[in-house]
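Visitor: quick one: sequence plus predicted model below, questions after.
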Amino acid sequence: MGQQQQRPISNRPISFLNRNGLFLLLLALLVLLGVCLPLSEFPLFMFPNRISASSSSPPSPSFVVSDWRDYTLAQAAKFVAKNGTVIVCAVSYPFLPFLNNWLISISRQKHHEKVLVIAEDYALLYKVNEKWPGHAVLIPPALDPKAAHHFGSQGFYNLTSRRPQHLLDILELGYNVMYNDVDMVWLQDPFKYLQGSHDVYFMDDMTAIKPLNHSHGLPPSRNGVTYVCSCMIFLRCTSGAKLLLKKWVEEIRSQPWSNTEAKKPHDQPAFNRALHKTPQVDVYLLPQSAFPSGGLYFKNEKWVNETKGKHVIVHNNYIVGYNNKLKRFQDFGLWLVDDHSHESPLGKLELVQEENNEEKKQKDERVKINENRGQPNGTFL
């Protein structure tokens, strides 16, 4: 009987080796991904607790609490900026419902993704990033979230005096920046009104009615003082805008807070002084019909009717106190949180509203400023 023919070794089955080879290949790929992907700038790896819109699982609190303290302004601005622009507010935890209301109005204009919340305390930093990862940053030192931030208080001064430095830091990073107080509501897209290529855009804070075709230069002063509003500003990343902000910082530092009634400073007078001391800066006064003060919009029904359809951003100033501002928004149909929270990137925040009840009582007991003094002193954060 003939000898059995042997197959060449190259044709023998080596399925065992193939399986091991495949296993080693997959293992090497997993190691490679584990090293490279955390270094990626892709948002899902930059913020591992970001979840998809369709997911019902909440973000991981352990990540938020352990990592958001190390989140820098440069990282945050890079993450949120769109077309070289960042929309900024600075707010403390007690006013989270007003932040949510503002965000709803911005989301209706499709600009919410470029919003960066500068949290003035860790409670707000964690809450915003829990709901909306990457959109809040804290620039140390943190302020006391229980300190009074009503107009004229040292807490208010401590908060607002930091504003120009925050804005300057963002400009130095190479971005344009729009600043808003959160007691504002967007009715239309304000970016359509930023005509030309000026350094700085702002709104007047006076109640006197201007003609529809009024000048867009720095408004004339009253007794040597202008009342340009520091609560809604757009700054292009230019040397002129940076010069103005540096002067604004200097003016604030030259007038520290005092407890005497006549010397309770805040950032707005310093902003107006800075404007007068930097005449080389190219400024643009936004149209009053589109950007009215609260003293005009909420108190002059005739003017509101005559300019109907022109209003862009409404500012709830010329009134003091959390409850008073909330009620006024409700009375004018501008409190959106109750029925439209699903339109906010933060969603519904029922517990925050309850936690604010005691804070609101304390503020209302402290606030004794006469709102009819004739000064636009109703700003708060």
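Guide: Received it, and whenever you're ready, just let me know what you need.
Visitor: list the contacts for the closest residue to Leu235 other than its chain neighbours?
Guide: Spatially, and ignoring its direct neighbours in sequence, Leu235 is nearest to Ala241 (4.2 Å; Cβ to Cβ, 6 or more residues apart in numbering). Just so you know, the C-beta spots here come from the backbone N, C-alpha and C atoms, and that holds for glycine as well. Residues near Ala241 by Cβ atoms under 8 Å, 6 or more residues apart in numbering: Leu171, Asp199, Val200, Leu235, Val281.
Visitor: 7 Å instead, please
Guide: Leu171, Asp199, Val200, Leu235 (Cβ atoms under 7 Å, 6 or more residues apart in numbering).
Visitor: please enumerate the strands of this structure.
Guide: Under the criterion DSSP state E, the chain carries strands at the ranges 85-91, 115-119, 136-138, 176-180, 184-186, 200-204, 228-235, 283-285, 313-315.
Visitor: avg pLDDT for stretch 231-240?
Guide: Stretch 231-240 shows a mean pLDDT of 98.
Visitor: so for that stretch, what gets flagged as buried?
Guide: Cys231, Met232, Ile233, Phe234, Leu235, Arg236, Cys237, Thr238, Gly240 (16 or more other Cβ atoms under 10 Å).
Visitor: and among the strands of the chain, the most buried is which?
Guide: Among the strands of the chain, strand 115-119 has the highest mean neighbour count (mean count of other Cβ atoms under 10 Å), at a mean of 26.
Visitor: and that strand, which strands flank it?
Guide: Strand 115-119 pairs in its sheet with strand 85-91 (parallel), strand 136-138 (parallel), by DSSP bridges.
Visitor: Tyr297 is nearest to which of those strands?
Guide: strand 85-91 (19.7 Å; Cβ to Cβ).
Visitor: His315 bridge partners, please.
Guide: Going by DSSP bridges, His315 forms beta bridges with Met184.
Visitor: need the nearest residue in space to Pro287, chain neighbours excluded.
Guide: Pro287's closest residue in space is Tyr193 (Cβ to Cβ, 6+ apart), at 6.8 Å.
Visitor: check contacts around the residue nearest to His111 when sequence neighbours are not counted.
Guide: Spatial nearest neighbour of His111, excluding adjacent residues (Cβ to Cβ, 6+ apart): Ile87 at 6.3 Å. Applying Cβ under 7 Å, 6+ apart, we find Ile87 in contact with His111, Lys114, Val115, Leu116, Met178, Asn180.
Visitor: show the contacting residues for the last one.
Guide: Yep, that's Asn180 we're talking about. By Cβ under 7 Å, 6+ apart, the contact list for Asn180 reads Ile87, Cys89, Trp102, Met232.
Visitor: again, 8 Å this time
Guide: Ile87, Val88, Cys89, Trp102, Cys231, Met232, Ile313.
Visitor: do I have it right that the fifth one meets Met178?
Guide: No. Checked against Cβ atoms under 8 Å, the pair Cys231 and Met178 is beyond contact range at 11.5 Å.
Visitor: list residues touching both of those two?
Guide: Common contact partners of Cys231 and Met178 (Cβ under 8 Å, 6+ apart): none.
Visitor: just put the buried residues of stretch 231-240 in TSV and tack on distance to Lys302.
Guide: Formatted as TSV, those follow (distance: Cβ to Cβ, whole Å):
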residue	distance to Lys302
Cys231	25
Met232	24
Ile233	29
Phe234	29
Leu235	34
Arg236	36
Cys237	40
Thr238	39
Gly240	38
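Visitor: return the member of these nearest to Gln75.
Guide: Cys237 (18.1 Å).
Visitor: residues in contact with that closest one?
Guide: Gly84, Leu171, Gly174, Tyr175, Asn176, Val177.
Visitor: can you check Lys348 too?
Guide: Applying Cβ under 8 Å, 6+ apart, the residues near Lys348 are Ser341, His342.
Visitor: distance of it relative to Pro94?
Guide: As judged by Cβ to Cβ, to the nearest Å, Lys348 and Pro94 stand 18 Å apart.
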